[in-house]
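In: fold the following.
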Amino acid sequence: MKAQLLTMSTPDGPFTIIARDGAVLSSGWTAVPGELTGQIHADLLPAEFETVTGLGAISEAVEAFYSGDPEPAMGVPVLQKSGPFRSHAWDVLRTVAPGRPVTYTEYAELSGNAKAVRAAASACAFNAAALFVPCHRVIRTDGTLGGFRWGLAVKGSLLDRERELALTASRP
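Out: Predicted coordinates for the structure are as follows:
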């Protein structure tokens, strides 16, 4: 089955999405699809790709995020495959509120194992569906950004954008 391939322009640079049957397989801030395919589990990796001009609710969610509404991205179906802890941890990431990042330690606790800090960090590192599974919302205990496949400038920009939205929402 063919997967759809879309590259969108965003304030953080080109954002490419690989999707199949309305679900995101991989996404990130790149115009090079090959930088995304390595993150897709071998059982899910499409043999063919079709370049499209839109992905319906998926591309609309990216537009909504950059227009100030990060919530639609959390409702977009994502198709990733891994072991039980990592799969659960990816689901947990989608519950972290925009503008309220958690530390890797807090993320491990939220994922059900406070001692699994390295496993939680690994879930971030192996997350193929950036933005839709918001691993950018996990930071170091000292408040610094930590790592991000798409660069710390993009991670900082995403967090700044969400922080500003949260501040605006909390004002009377």
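
In: pLDDT-wise, which helix or strand of this structure ranks last?
Out: Across the helices and strands of the chain, mean confidence by mean pLDDT, DSSP states H and E is lowest for helix 152-170: a mean of 90.

In: what residues of that helix count as buried?
Out: For helix 152-170, the neighbour count (16 or more other CB atoms under 10 Å) marks V154, K155, S157, L158, L159, R161, E162, L165 as buried. In short, each C-beta sits where N, CA and C put it, glycine included.

In: strands of the chain, residue ranges please.
Out: 2-10, 13-20, 23-28, 48-51, 102-103, 138-139 (DSSP state E).

In: could you dump those into TSV with distance to S87 and mean pLDDT added?
Out: Shown next, in TSV, are the strands of the chain (distance: least, CB to CB, whole Å; pLDDT from 0 to 100):
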stretch	distance to S87	mean pLDDT
strand 2-10	20	97
strand 13-20	18	98
strand 23-28	14	98
strand 48-51	25	96
strand 102-103	18	96
strand 138-139	16	96
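
In: what's the closest of the ones you listed to G75?
Out: With CB to CB as the criterion, G75 lies closest to strand 23-28 of the strands of the chain, at 11.5 Å.

In: what packs against that closest one?
Out: The contact analysis (3 or more CB pairs under 8 Å, 6 or more residues apart in numbering; DSSP states H and E) places strand 23-28 against strand 13-20, helix 34-37.

In: just name the most buried of those.
Out: strand 13-20 (a mean of 21; mean count of other CB atoms under 10 Å).
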